[in-house]
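Participant: just to be clear, the model below is a prediction. Sequence and coordinates:
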Protein chains: 2
Amino acid sequence: MKKIAIDAMGGDNAPKAIVEGVNQALAEFSDIEIQLYGDKEAITKYLKAEKRVSIIHTAEKIASDDEPVKAVRKKKQASMVLGAQAVKDGKANAVISAGNTGALLAAGLFVVGRIKNIDRPGLMSSLPTVDGKGFNMLDLGANAENTAHHLHQYAILGSFYAKNVNGIANPRIGLLNNGTETTKGDPLRKETFELLAADDSLHFIGNVEARDLMDGVADVVVADGFTGNAVLKSIEGTALGIMRQLKSSIQAGGLRAKLGALLLKNSLYDMKNSLDYSGAGGAVLFGLKAPVVKCHGSSDAKSVYYTIKQVRTMLETNVVGQLVDEFSKKGDADD
Amino acid sequence: MKKIAIDAMGGDNAPKAIVEGVNQALAEFSDIEIQLYGDKEAITKYLKAEKRVSIIHTAEKIASDDEPVKAVRKKKQASMVLGAQAVKDGKANAVISAGNTGALLAAGLFVVGRIKNIDRPGLMSSLPTVDGKGFNMLDLGANAENTAHHLHQYAILGSFYAKNVNGIANPRIGLLNNGTETTKGDPLRKETFELLAADDSLHFIGNVEARDLMDGVADVVVADGFTGNAVLKSIEGTALGIMRQLKSSIQAGGLRAKLGALLLKNSLYDMKNSLDYSGAGGAVLFGLKAPVVKCHGSSDAKSVYYTIKQVRTMLETNVVGQLVDEFSKKGDADD
């Protein structure tokens, strides 16, 4: 039985969306057990599942504007912190939250803890491509600064994830750079390129440019946290901006435009859907001793369901356990 | 009379698109004189304008895949290099090319030369916002690495451009960062934040996130060349990816979708147009002794026309001359 701790109070639509996602996941998967952390009364209102689910009541929670590190240190009874603590105590195998991202990163680092020999866990998410297959990118902003050694570790983490969770036999690893030529980039990129090219365990395909990400140039894209964060937010902002622009143009276009939009509904829906990549689950704080996964703050029940499904696959394939073995060997070799 | 040197042989559609853009600009503006550098026979084929235009024949040109610095050093008779040389020799006031970007950067730096006390000229372009006003961003990739001092200079350069060319009285300067809080970022961002906040000549509005750029949060966005390049390419890649996705979905949607697209033509055109920001001109290699401006490689006649218009405004307002004065004072003050 895979035991998953869930912060029922995190995100804009908590606890409703969280609990409804849990109902759906429990109905679908018979090999998972869910622990819901939060306000018992509020949770009970939406909880339909009866088996393999428990509620651990707590009145405390971390707000979206709480200072992350301070909140995790002081609010020891917060639903998110109790969920992380359950993983540390061996009562749960993974933790999910749609709450304050910084606080979940802090809870992951301080409570769950890093895998031995991994220096800086990175935030990894699946992003959309035009062909619908998507790609994984990390670090998306868990760190403001990274070394080439960190980026090398991200390549290994991403490769393990793509193999185990996405089922890609030989994942293509790309290094985000300011050009595709091998000599491109600043010293960080040049040093990382050397490390990735020299690692025979990786299928390193070289530098990739942000322009080509949506074309699916790589299965895993490695970036420092600052650039990864900027790229993620640029993609989000551009997609939302285009959607908003189209919507206002349709509204201003009168009956003719509205009729056109109606006829084109499926295509517009396809377009919107291809950008909504919640089917791939949440963002993994990768490099920790257990899966710690962030649902988007605006997650609906469907997103929560997909994140539980993603975590179930991570536990099923034991991708984190494999990483623990892999990096314990690396540590010995480096000594 | 404003004298503009133009590389007639650069870009995918040269010399046709270049010369047609020149025809249009000469018909529109009576205070400009154009010098066309390139193959005389090929240029003559498209040239309609008779006054205020001259052709300086050369058979040599820089290819899009030439190694930039080597090409500029060795191909001394290339159309792009001759254009830059004309500026250096005082025969022209500005140079425009749609050719190899790296080579134009090199020609700008080595032939036209930096403004005294400006350390690292940056590549600046206007990017689209949902409200159609746009914003300027630099450095978009002239440099792979920047210091806080460079970023401070970019803020000053961008502010001067927004005032003079965009006519914004008090341009809002934003620092691209991984969050809007004042304490965000890596050491480079933190140091830059201090410099910008302490400069009373700037209307510094603080940190901005890539997610909000299309909403027009700032008139000038300052970034290091590596991140700026990644953000620019992310925006381009996402916009193109969405367009392609919508197009293929319409094609697959049968008669109904095609009819919808027909009715929605104006709205879809609006959407496409709002992303096509060629009306704002080309990318300026800013910080040089004269305007050196890059048209997109795929520029059509309209883009070339708008770039000539932009350069004319730069010359009319003497924005570069003002910068020369401004930075000569700074140099004295720093001594």
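Facilitator: Perfect, thanks for sending it. This one's a predicted model, so the numbers in the text were calculated from it and none came from an experiment.

Participant: okay, now the domains of chain A?
Facilitator: The record's domain parsing of chain A by automatic domain parsing lists A:1-118+A:287-335, A:130-137+A:144-277.

Participant: near chain B, which residues of the stretch 1-150 of chain A?
Facilitator: Within reach of chain B by Cβ under 8 Å from any Cβ of the partner chain, the stretch 1-150 of chain A has these residues: A:Thr129, A:Val130, A:Gly141, A:Ala144, A:Glu145. For every residue, glycine as well, the C-beta is placed using N, CA and C.

Participant: which stretches of chain A form helices?
Facilitator: Remark: helices assigned in chain A by DSSP state H are A:16-28, A:40-44, A:68-74, A:79-88, A:101-107, A:148-164, A:187-198, A:225-252, A:254-263, A:265-275, A:301-316, A:319-334.

Participant: make JSON lines out of the ones you listed and add distance to B:Gly321 and mean pLDDT.
Facilitator: Output for the helices of chain A, formatted as JSON lines (distance: least, Cβ to Cβ, whole Å; pLDDT from 0 to 100):
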{"stretch": "helix A:16-28", "distance to B:Gly321": "59", "mean pLDDT": "97"}
{"stretch": "helix A:40-44", "distance to B:Gly321": "66", "mean pLDDT": "97"}
{"stretch": "helix A:68-74", "distance to B:Gly321": "49", "mean pLDDT": "95"}
{"stretch": "helix A:79-88", "distance to B:Gly321": "58", "mean pLDDT": "98"}
{"stretch": "helix A:101-107", "distance to B:Gly321": "47", "mean pLDDT": "96"}
{"stretch": "helix A:148-164", "distance to B:Gly321": "43", "mean pLDDT": "97"}
{"stretch": "helix A:187-198", "distance to B:Gly321": "36", "mean pLDDT": "98"}
{"stretch": "helix A:225-252", "distance to B:Gly321": "34", "mean pLDDT": "90"}
{"stretch": "helix A:254-263", "distance to B:Gly321": "48", "mean pLDDT": "86"}
{"stretch": "helix A:265-275", "distance to B:Gly321": "46", "mean pLDDT": "78"}
{"stretch": "helix A:301-316", "distance to B:Gly321": "55", "mean pLDDT": "97"}
{"stretch": "helix A:319-334", "distance to B:Gly321": "58", "mean pLDDT": "84"}
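
Participant: can you check which of these gets nearest to B:Leu104?
Facilitator: B:Leu104 lies closest to helix A:187-198 among the helices of chain A, at 22.9 Å (Cβ to Cβ).

Participant: got the angle for the closest one vs helix A:148-164?
Facilitator: 50 degrees (axes from the mean of the first three to the mean of the last three Cα atoms, to 10 degrees).

Participant: list the buried residues of helix A:187-198.
Facilitator: The neighbour-count check on helix A:187-198 (16 or more other Cβ atoms under 10 Å in any protein chain shown) flags A:Leu188, A:Arg189, A:Lys190, A:Glu191, A:Thr192, A:Phe193, A:Leu195, A:Leu196 as buried.

Participant: which one of those residues is nearest to chain B?
Facilitator: Among the buried residues of helix A:187-198, A:Arg189 lies closest to chain B (Cβ to the nearest Cβ), at 7.8 Å.

Participant: so what's the closest residue to A:Ser30 other than its chain neighbours up against?
Facilitator: Spatial nearest neighbour of A:Ser30, chain neighbours left out: A:Arg52 (8.0 Å); criterion: Cβ to Cβ, 6 or more residues apart in numbering or on different chains. When contacts are counted by Cβ atoms under 8 Å, 6 or more residues apart in numbering or on different chains, A:Arg52 is found next to A:Met1, A:Leu26, A:Ser30, A:Ile32, A:Glu33, A:Ile34.

Participant: tell me how far the first one lies from A:Val293.
Facilitator: Relative to A:Val293, A:Met1 is positioned 19 Å away (criterion: Cβ to Cβ, to the nearest Å).

Participant: more neighbours, the two?
Facilitator: A:Val293 (27 against 9; other Cβ atoms under 10 Å in any protein chain shown).

Participant: state the distance from that one to A:Ile308.
Facilitator: Taking Cβ to Cβ, one finds A:Val293 at 9 Å from A:Ile308.

Participant: re earlier: closest to B:Asn166 out of the domains of chain A?
Facilitator: For B:Asn166, the closest of these is domain A:130-137+A:144-277, at 19.8 Å, according to Cβ to Cβ.

Participant: and the end-to-end length of that closest one?
Facilitator: 11 Å (Cα to Cα, to the nearest Å).

Participant: that domain: how far from the chain's middle?
Facilitator: 13 Å (Cα atoms, centre = their mean, to the nearest Å).

Participant: tell me which residues form a beta bridge with the residue nearest to A:Met137 when sequence neighbours are not counted?
Facilitator: Counting by Cβ to Cβ, 6+ apart, A:Val221 is the residue found nearest to A:Met137 once chain neighbours are left out, at 4.3 Å. Beta bridges link A:Val221 to A:Met137, A:Gly174 when assigned by DSSP bridges.
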